[in-house]
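> Starting from these lines, generate the structure:
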Amino acid sequence: MTNSNLETSRRVFGVTTVLSETEAKTLLGELRNLWRMTYGVNVGDLAADLASCKKFFDPLTRGQSLRERLAQLPPTPANTKRRLGKLGSPAVVDSGEGNLLIGVEGRLLIDILDNEVNSDSFVVISPSRVAEAEHRALEVYRSWTLAKLNQVIDLRTGRGKEVMQAIAVGVVLALLVNRSDSTERAVIQPEPNSPVNSAVFAGAERFAETVTGSRRRSLNEQRLKGGYGLSEAKRRLAPKLAATKVGREVLLYIPASFRMDVIEFIARDLSRRPALTEKKLAIAFDQLVISFRASSDHLAHQSMVFERPADTRDLRASLLTSFRRSQIGDGTSTELET
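Numbers count the residues shown, from 1 in each chain. Next up, the predicted model:
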């Protein structure tokens, strides 16, 4: 095979790597028009345009949302559909009703042609440009594919964008205060109307109010079965917050082996609240303990009170120390506890 034949056999996203100047300019114009019809704006910054492609090509997009967006696509002109339809996927995609849309590969193809079209009689796209474009497309799709996994990992490790809800933090701290660190000292998950809920949530609620400054939350949050506070805590901390089923009962506890990990996670998460100082956190913790003790008779009736003042003081010290370290590590100033 001659070098000329070899070059013409190579393709980038369905387009031959050797084009006449006329072919390249025509193709570039058609791709630009299709981009404008697909996204409602002219071609712009490459990185921003690739991010816009998530509108149709993000694997996490809900089916209903995608159907609605596809239905809003304007009709593709017959000439454009005839010329670009020959390219096929991945440069352009037929929506199923004769309309074409353009995505990541098509936008990268525009970038290549923009850079290669000049006054020469032929446009030759080099193998390095082909490899670069294919690698860029792979990077984009990989980032979208891993987005959910990375989001869950960030949430579990306390690095997520959203901070843990204060009521959920309060629930975890209440279990730690109660020394519920094994099945023997677990809190049995009660029914929604059980007074055991108020024993745990009295402290959690006072903690949340002190941290956020907002008043009481809905009753749906103040229960250990189906409530948001516990669900959020389990979502962030599983399996460090255990819900072990024994017979018909579900035992809630934080295994002793995870105790320090959970304290550090909570402290790290709380340190990302810009208005929360160490002094305010100390007050919130003390309010939690006072309210927990005032309502602990509901747990005592079920033989589920295990709190010891000495252990609670150690917990307080560990939480504040971890909080201080997290703030320093994040470059955030903190008001030292006296």
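> any low-confidence regions in the stretch 101-250 of the chain?
119-120, 151, 154-162, 192, 215-227 (pLDDT under 70).
> all helices for it, in order.
Ranges of helices within the stretch 101-250 of the chain are 104-116, 127-156, 166-177, 195-212, 228-237, based on DSSP state H, counting those that start in this stretch.
> Looking at those, which is nearest to R36?
helix 104-116 (11.2 Å; Cβ to Cβ). Any C-beta I mention is one placed from the backbone N, CA and C, and that applies to glycine too.
> Would you indicate which residues of that closest one are buried?
By neighbour count on 16 or more other Cβ atoms under 10 Å, the buried set for helix 104-116 is 104-113, 116.
> Check stretch 32-41 too.
For stretch 32-41, by 16+ other Cβ under 10 Å, it's 32-35, 37-39.
> picking up where we left off before, will you turn the buried residues of helix 104-116 into TSV that also has distance to T244?
Below are the buried residues of helix 104-116 laid out as TSV (distance: Cβ to Cβ, whole Å):
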residue	distance to T244
V104	46
E105	49
G106	52
R107	51
L108	51
L109	55
I110	56
D111	55
I112	57
L113	61
E116	63
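> ok, those residues vs A256, which is closest?
The closest of the buried residues of helix 104-116, once distances to A256 are taken by Cβ to Cβ, is V104, at 48.9 Å.
> Am I right that that closest one is in contact with C53?
Yes. Using Cβ atoms under 8 Å, V104 is in contact with C53, at 5.0 Å.
> Give the residues shared as contacts by these two.
V140 (Cβ atoms under 8 Å, 6 or more residues apart in numbering).
> Can you tell me what sits against the strand or helix carrying A282?
Assigned by DSSP states H and E, A282 belongs to helix 278-295. By Cβ under 8 Å, 6+ apart, the list of residues contacting helix 278-295 from outside reads 170, 173-174, 177-178, 198-200, 202-207, 209-211, 270, 307, 312, 316, 319-320, 323-324, 327, 334-338.
> Show me just the buried residues among those.
Looks like the contacts of helix 278-295 have 170, 173-174, 177-178, 198-200, 202-207, 209-211, 270, 307, 312, 316, 319-320, 323-324, 327, 334, 337 buried, using 16+ other Cβ under 10 Å.
> what's the closest of the buried residues of helix 104-116 to A24?
L113 (5.6 Å).
> Any figure for the gap between the nearest residue to that closest one once chain neighbours are set aside and T16?
Setting aside the residues directly before and after it, L113 is nearest to L28 in space (Cβ to Cβ, 6 or more residues apart in numbering), at 4.3 Å. According to Cβ to Cβ, to the nearest Å, L28 and T16 sit 14 Å apart.
> Please say which of these two ends up with more neighbours.
L28 (20 against 14; other Cβ atoms under 10 Å).
> contacting residues for the more buried one?
Counting by Cβ under 8 Å, 6+ apart, the residues that L28 touches are 110, 113-114, 117.
> Is A91 in contact with T16, as I believe?
No. A91 lies out of contact with T16 (Cβ under 8 Å); the separation is 11.8 Å.
> any idea which helix or strand comes after the helix holding A282?
Following helix 278-295 in sequence, per DSSP H and E, is helix 297-300.
> Does anything pack onto that next one? Which helices or strands?
helix 195-212 (3 or more Cβ pairs under 8 Å, 6 or more residues apart in numbering; DSSP states H and E).
> Give me the number of neighbouring residues for L19.
21.
> and what of T76?
The local packing of T76 (other Cβ under 10 Å) involves 23 other residues.
> again, but for V152
The burial count for V152: 13, using other Cβ under 10 Å.
> Against R325, how distant is it?
25 Å.
> With R259 instead?
Relative to R325, and taking Cβ to Cβ, R259 is found at 17 Å.
> do the same with K240
For K240, the distance to R325 - Cβ to Cβ - is 19 Å.
> So which of the two has more stuff around it?
K240 (18 against 15).
> any idea what sits nearest that one, other than its immediate chain neighbours?
Per Cβ to Cβ, 6+ apart, closest to K240 is F258, 4.1 Å.
> Quick check: pLDDT value at that neighbour.
Looking at F258, its pLDDT stands at 95.
> Pretty sure A147 sits against L60.
Yes. If you go by Cβ under 8 Å, A147 and L60 touch, sitting 6.5 Å apart.
> Can you pick out the residue with more neighbours from the two?
A147 (14 against 10).
> got the contact list for the more buried one?
Residues in contact with A147 (Cβ under 8 Å, 6+ apart) are L60.
> Look up how far A137 lies from it.
Distance from A147 to A137, by Cβ to Cβ: 16 Å.
> ditto for S214
Taking Cβ to Cβ, one finds S214 at 46 Å from A137.
> Between these two, point out the one with more neighbours.
It is A137, of S214 and A137, that has more neighbours when counted by other Cβ under 10 Å, with 19 against 10.
> ok, now which ones touch the more buried one?
A137 touches 13, 90, 104-105, 108, counting by Cβ under 8 Å, 6+ apart.
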